[in-house]
Every structure is written in structure tokens, then in C-alpha cells.
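> Provided below for reference: sequence and predicted model.
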Amino acid sequence: GYCFPKPMLFVNVSTLARKKTYLLNWLSARLLWISQVNVCLPSKFPSPQMWRDFLNTIDTAPLPSTKSMSMKLAMWDILGDAVINSAQGSAEAPQEITCFIPFRSPLSFMQSLLWELYELNFCYELYVLNQALVPDHWTTSDEVWLACQTLLHSVFPG
């Protein structure tokens with residue numbers, strides 16, 4: 001799976017209404033998910049299909065026992081209640097989203113969003129790769145762990 005949605009999920013959306021749903025769900029959950037991943041990297045990540053389902057969902061009501069329900073529960077298990085509830089079921093965009101969208105053209109906004117997703121995916125793939133290549137640095141002591149984390153974060157300022 002992927003720590004963040006693949007940017008192509010936002011590009012290959014068929015309708016404007018669906019793109020709006022994708023954007024609202026992602027932007028509503030974005031900050032909470034990033035902070036959650038920064039604190040403790042999950043042991044598993046959502047698949048591209050799970051991300052698509054999450055971004056496309058607008059209700060949090062349980063479905064009957066189906067394959068889509070089992071996928072939804074798996075996504076819920078990975079992202080957690082807080083992220084799911086912050087994004088889904090919103091009829092309108094949160095205030096922090098609506099206040100900055102009008103100041104940019106739609107194309108500029110989408111370019112920024114796609115760039116951020118590519119960058120986030122790359123950063124966290126490097127993070128996971130580093131943990132796999134030098135696992136001792138991540139398990140020995142808090143000082144070594146913090147030094148390794150600081151070094152990785154310094155690669156990507158901002």
C-alpha cells in the first residue's frame with residue numbers, strides 16, 4: 001500500500017462532482033493523517049483501491065456484509081476513527097479549506113496538491129526504506145532514533 005494517496009487518483013477522476021468529493025475528503029483528513037503518520041508510522045498502508053474508496057465515500061454509515069464493507073473496515077483500521085470521521089460525512093468544506101482555495105486558480109491549486117502528494121509519498125518511502133536498511137538506528141535508543149529522524153527530516157525542509 002501507500003502512505004498517501006497516489007496523485008493520479010486526483011487526475012483520473014471522471015466527473016467534477018467526484019473530484020470535489022475527493023478533494024474535500026483528502027483536505028479534511030490531510031493534516032490529521034500527516035500528524036498521525038509523523039508520530040507513529042502505521043504497520044500497513046492503504047492500497048490504491050482503498051484510497052480511492054476513502055476519497056470517494058461521503059457517508060460513514062455501516063454497509064451490509066459485503067466486500068466493499070470489508071474494504072471499508074480495513075481502511076478504517078488503518079486510518080483510524082479520527083481521520084475517517086474528520087473527512088467523511090462532511091456536506092461542505094471545513095473553514096480552513098474554503099479560506100485558501102479562492103486565492104488560487106483551480107489549476108494552480110491542483111498543481112500544488114499533486115506536488116505535495118508526490119513529495120509526501122517520496123519522503124515516506126525514503127523513511128520506510130531507511131527503517132528497513134538500518135533497523136538498528138530505529139530500535140536502539142531514543143537518542144539514536146531522534147538523530148536518525150532529524151536527519152531524514154532535514155533532507156526535506158518545510
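In hand now; what should we look at? Numbering: from 1, shown residues only.
> going forward, measure contacts and count neighbours with C-alpha atoms only.
Will do.
> Packing partners of the one helix or strand L151 maps to?
Here L151, judged by DSSP states H and E, is contained in helix 142-155. If contacts are counted by 3 or more C-alpha pairs under 8 Å, 6 or more residues apart in numbering; DSSP states H and E, helix 142-155 sits against helix 136-139.
> Could you list the single helix or strand in this structure with the lowest mean pLDDT?
Using mean pLDDT, DSSP states H and E, helix 95-98 stands out as the lowest-scoring helix or strand of the chain, at a mean of 49.
> next helix or strand past it?
Later in the chain than helix 95-98, the nearest helix or strand by DSSP H and E is helix 106-133.
> and the angle from that following helix to helix 142-155?
Between helix 106-133 and helix 142-155, the angle comes out at 150 degrees (axes from the mean of the first three to the mean of the last three C-alpha atoms, to 10 degrees).
> What about V11, how many residues nearby?
When neighbours are defined as other C-alpha atoms under 10 Å, V11 has 11 of them.
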